[in-house]
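1. This is a predicted model, with the sequence first.
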Amino acid sequence: MKRLTLVVLIICALIMLKAAVDLPDWADPGSPASTHLSPDFLNQGYGETATPNIVTVVLADYRSYDTMFEAVVVFVAALIVMIVLRHMPRKRPKILPPRPRREGRDTVLRGAAQLIIPLMQIFALYVLGHGHYSPGGGFQGGVIFGASFILLALCYNLKFTIDRFKEQAVLVCVAGGVLLYASVGAICLAMGWNFLGYAGLAGILGVSEVMARSHGILAVEVGVGITVMSVMVSLYYDLASGGDLDEGL
């Protein structure tokens, strides 16, 4: 199987290298992306979506299908890690050894965590909600929010964190973020527009089609943020404890 896998990988690599020959040169100003897509995005993005951050416009509106399936890939990754680790033999060494007792430092760490973690979570919400106007959005806000729970587990312990963000709630959030993203598209479809055609939300929200696209971008970014945050926490729970959810780092 190892030899067969190596052969398959080599064949795939050769195919991709062959296909890369037809791609334009790196940073080629005459490439289709530079002569057609980028100018249109820059010139029309704000007028069509009322969103100054063109990166957010591209990811959550013009490329909304691609971003939705990126969230699905993250969701599937968390499920695969959980399934693999939960079905391993129970008598096995820990992937990571339990955290040693650090009596002298725990008080300092926990005191610092109590100050830092709320600020991290508030900043994560700011990054998520302000992605329309400055660098940020669902992926960045979700990562910061997920890191706050990981920091809580590092400064206290895994059980302490699971008691406050239980695995069932984590899994609901993992699927709920993707479901929220897809639900926005389904509502647009029900209103007679294309899937993820946010202008279809205008009749429901009572705003113009341009503002409806802006609100739709925010809704799907919230879904992405929820999924990314909960996937980070789920991966940490499983990898740090070897799938046992007892004690990790």
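-> Alright, I've got the coordinates. Numbers count the residues shown, from 1 in each chain.
2. Point out where the chain drops to low pLDDT.
-> Applying pLDDT under 70 to the chain picks out residues 87-105, 243, 245-249.
3. which residues of it fall in helices?
-> Ranges of helices in the chain, per DSSP state H, are 2-20, 32, 38-49, 54-57, 64-86, 103-129, 138-155, 158-164, 167-190, 202-205, 209-241.
4. okay, the angle between the longest one and helix 64-86?
-> Direction vectors for helix 209-241 and helix 64-86, defined by axes from the mean of the first three to the mean of the last three Cα atoms, to 10 degrees, enclose an angle of 20 degrees.
5. from the middle of its chain, how far away would helix 209-241 be?
-> 5 Å (Cα atoms, centre = their mean, to the nearest Å).
6. could you say what helices and strands that helix packs with?
-> Secondary-structure packing of helix 209-241 (3 or more Cβ pairs under 8 Å, 6 or more residues apart in numbering; DSSP states H and E): helix 38-49, helix 54-57, helix 64-86, helix 103-129, helix 138-155, helix 158-164, helix 167-190, helix 202-205. Using the backbone N, CA and C atoms, a C-beta is placed for each residue, glycine as well.
7. if we can go back for a sec, can you check which of the helices of the chain gets nearest to residue 26?
-> Among these, helix 2-20 comes nearest to residue 26, with 10.8 Å by Cβ to Cβ.
8. Past that closest one, which element shows up next along the chain?
-> The element immediately downstream of helix 2-20 (helix or strand, assigned by DSSP states H and E) is helix 32.
9. which residues sit in contact with residue 121?
-> By Cβ atoms under 8 Å, 6 or more residues apart in numbering, the residues touching residue 121 are 144, 145, 148.
10. cool, and residue 145?
-> Residue 145 makes contact with 120, 121, 124, 125, 128, 225, 229 under the criterion Cβ under 8 Å, 6+ apart.
11. Same question for residue 147.
-> Listed by Cβ under 8 Å, 6+ apart, the contact partners of residue 147 are 120, 232.
12. same check, this time on residue 178
-> Residues near residue 178 by Cβ under 8 Å, 6+ apart: 68, 71, 72, 75, 223, 227.
13. Dump the helices and strands packed on helix 209-241 into CSV; add distance to residue 32 as well.
-> Output for the helices and strands packed on helix 209-241, formatted as CSV (distance: least, Cβ to Cβ, whole Å):
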stretch, distance to residue 32
helix 38-49, 10
helix 54-57, 18
helix 64-86, 17
helix 103-129, 32
helix 138-155, 26
helix 158-164, 48
helix 167-190, 27
helix 202-205, 32
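14. Pick the most deeply packed of those.
-> Comparing those by mean neighbour count (mean count of other Cβ atoms under 10 Å), helix 138-155 ranks first with a mean of 22.
15. Hey, what's the angle from that helix to helix 167-190? Just curious.
-> Interaxial angle, helix 138-155 versus helix 167-190 (the same axes, to 10 degrees): 170 degrees.
16. Can you name the two of the contacts of residue 145 that sit furthest apart?
-> Spanning the widest gap among the contacts of residue 145 are 120 and 225, at 13.7 Å by Cβ to Cβ.
17. that older thread, looking at the contacts of residue 178, spot the one nearest residue 18.
-> residue 72 (28.9 Å).
18. what's near enough to touch residue 198?
-> Contact analysis of residue 198 by Cβ under 8 Å, 6+ apart lists 61, 184, 188, 212, 213, 215, 216, 217.
19. switch the cut-off to 10 Å
-> Residue 198 makes contact with 49, 60-61, 64, 184-185, 187-188, 205, 209-220, according to Cβ atoms under 10 Å, 6 or more residues apart in numbering.
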